[in-house]
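>>> structure for this input, please:
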Amino acid sequence: MIDWDLAVRIASRFAGTYPLEGTYHADLLAREAPGIVAEAAQMVEAETRLASVGVPEVAVVTRKQWAESNVSVFSKLLAPAEAAIKKQNPLASRVVAAEMGAVLGFLARKVLGQYELVLPGDDTNGDVVYLVGANVLSMERSNQFRPHEFRLWIALHECAHRLQFVGVPWLREYFLELVGELVASAVPEPGRWARVMADVRRANEEGEPLIGETGLFGLFASSSQKDLLERVQALMSLLEGHGHVVMDRIGRRELASQRRMAAVLKQRRKDPRTATFLRISGLEMKMRQYEQGERIVLAVEREAGWETLDRVWASPDSLPTLAEITDPDQWLRRVAS
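Model (predicted):
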């Protein structure tokens, strides 16, 4: 089994703490958060014309709690592949745990918010909008943002993701089926671990990403699984790009400081320490994919209007392929012609 306790310990060590955690500032944010999320949800629903279902739980968490929650999610998603991976290489559980812990610990210092959908067989409520209190407080204080505007802007992004999954009836099950297929097929064939470790050592020596565009799953995926990986990548690119466009569009209209907030966050990603980690971990490639997702949303709207973009939610067959993400005209010819 993957050593999830090790992943949590490493993530907690990387995440660190923030002086205002546990103070009245954090308590005030926690009290205000449900109202802010409710306000954002109404704006997103009006903007996207997707219908919301139910009311999400809202939780303001520490960096450590965010990392622990994500380790828990990964443990459920990867459960089908754990035994087979360990059988092939007893050290695999610690290698995967250490890599995941380091990445999640780094992200725990950066992530401002997150939407967590309900997983199959989950004994928790699910449908949670998280705000990472330490990071929200740190960003708004260090940049002198207006607290309500900044918090609402972050909530807009997470509410956009929530509405994608609850407002498109088939999307949640489709996404979970894709992830389930990916996990089930990602058990490495004999000898793959040795090749993976050799590739990781070579990448480290040459300063290349340790994890490529396909993430952790891509380390072990065979060529026959490429199509499945590309479908997951294309969907994630679309969802993230759509969320960014909705967030920024409402923000420009409703929030006086939206442009400055967006500029600060964009500059933060260019910080040398952040950029180096993103490059080594492979997350830099993920960021480029999300930017491509934003470009296809804007390109389709520009060429054919927002109503045409709504066709993307009609069925799984209407989703753009990875090739169409980078060439929106292909998607328009296939779906909108």
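>>> low-confidence bits of this protein, can you list those?
Counting by pLDDT under 70, the chain has low-confidence residues at 1, 80-93, 118-126, 185-224, 269-287.
>>> longest helix in it, please.
Using DSSP state H, we find that the single longest helix of the chain is helix 226-254.
>>> helices and strands around the helix or strand harbouring residue 11, which ones?
Per DSSP states H and E, residue 11 falls inside helix 4-15. When contacts are defined as 3 or more CB pairs under 8 Å, 6 or more residues apart in numbering; DSSP states H and E, helix 4-15 packs onto helix 63-77, helix 92-108. Bear in mind the C-beta positions are built from the backbone N, C-alpha and C, glycine included.
>>> tell me which residues of the shortest one come out buried.
It stands for helix 63-77. Within helix 63-77, the residues scored as buried using 16 or more other CB atoms under 10 Å are 63-72, 74-75, 77.
>>> who are the packing partners of the helix or strand that contains residue 165?
Applying DSSP H and E as the criterion places residue 165 in helix 147-167. Here helix 147-167 touches helix 24-48, strand 113-116, strand 128-132, helix 133-142, helix 171-185, helix 226-254, helix 258-268, going by 3+ CB pairs under 8 Å, 6+ apart.
>>> and that helix, how far from the chain's centre?
Distance, stretch centre to chain centre, for helix 147-167: 13 Å (CA atoms, centre = their mean, to the nearest Å).
>>> for residue 257, see how far away the closest residue to residue 243 other than its chain neighbours is.
Closest residue to residue 243 apart from its sequence neighbours, by CB to CB, 6 or more residues apart in numbering: residue 160 at 4.1 Å. Per CB to CB, to the nearest Å, residue 160 is found 19 Å from residue 257.
>>> with neighbour numbers in mind, choose between the two.
For residue 160 versus residue 257, neighbours defined as other CB atoms under 10 Å are more numerous around residue 160 (28 against 16).
>>> which strand residues bridge residue 60?
Counting by DSSP bridges, residue 60 is bridged to residue 131.
>>> how near is it to residue 21?
10 Å.
>>> and these two? which has more neighbours close in?
Between residue 60 and residue 21, counted using other CB under 10 Å, the more crowded position is residue 60 (24 against 17).
>>> unless I'm mixing things up, the more buried one is touching residue 135, no?
No - between residue 60 and residue 135 there is no contact under CB atoms under 8 Å: 10.7 Å.
>>> so for residue 99, which of the helices and strands packed on helix 147-167 sits nearest?
helix 171-185 (16.4 Å; CB to CB).
>>> tell me which residues of the closest one are tucked away?
Residues of helix 171-185 classed as buried: 171-172, 174-176, 178-179, 182-183, 185 (neighbour count, 16+ other CB under 10 Å).
>>> identify the contacts common to residue 60 and residue 21.
The contact sets of residue 60 and residue 21 overlap at residue 133 (CB atoms under 8 Å, 6 or more residues apart in numbering).
>>> just to revisit the earlier point, ok, now how distant is the residue nearest to residue 243 from residue 57?
Counting by CB to CB - residue 160 and residue 57 are separated by 17 Å.
>>> quick one: residues contacting the nearest residue to residue 242 once chain neighbours are set aside.
Nearest non-adjacent residue to residue 242, counting by CB to CB, 6+ apart: residue 297, 5.3 Å away. Neighbouring residues of residue 297 by CB under 8 Å, 6+ apart: 238, 241-242, 245, 309.
>>> 10 Å instead, please
By CB atoms under 10 Å, 6 or more residues apart in numbering, residue 297 lies in contact with 237-238, 240-246, 306, 309, 312, 320, 328.
>>> same deal with residue 240?
157, 160-161, 164, 286-287, 289-294, 297.
>>> mind redoing it with 7 Å?
By CB atoms under 7 Å, 6 or more residues apart in numbering, the contact set of residue 240 is 290, 293.
>>> how about the contacts made by the nearest residue to residue 98 once chain neighbours are set aside?
Ranked by CB to CB, 6+ apart and with sequence neighbours excluded, the top spatial neighbour of residue 98 is residue 10, at 5.9 Å. Residues near residue 10 by CB under 7 Å, 6+ apart: 98, 101-102, 105.
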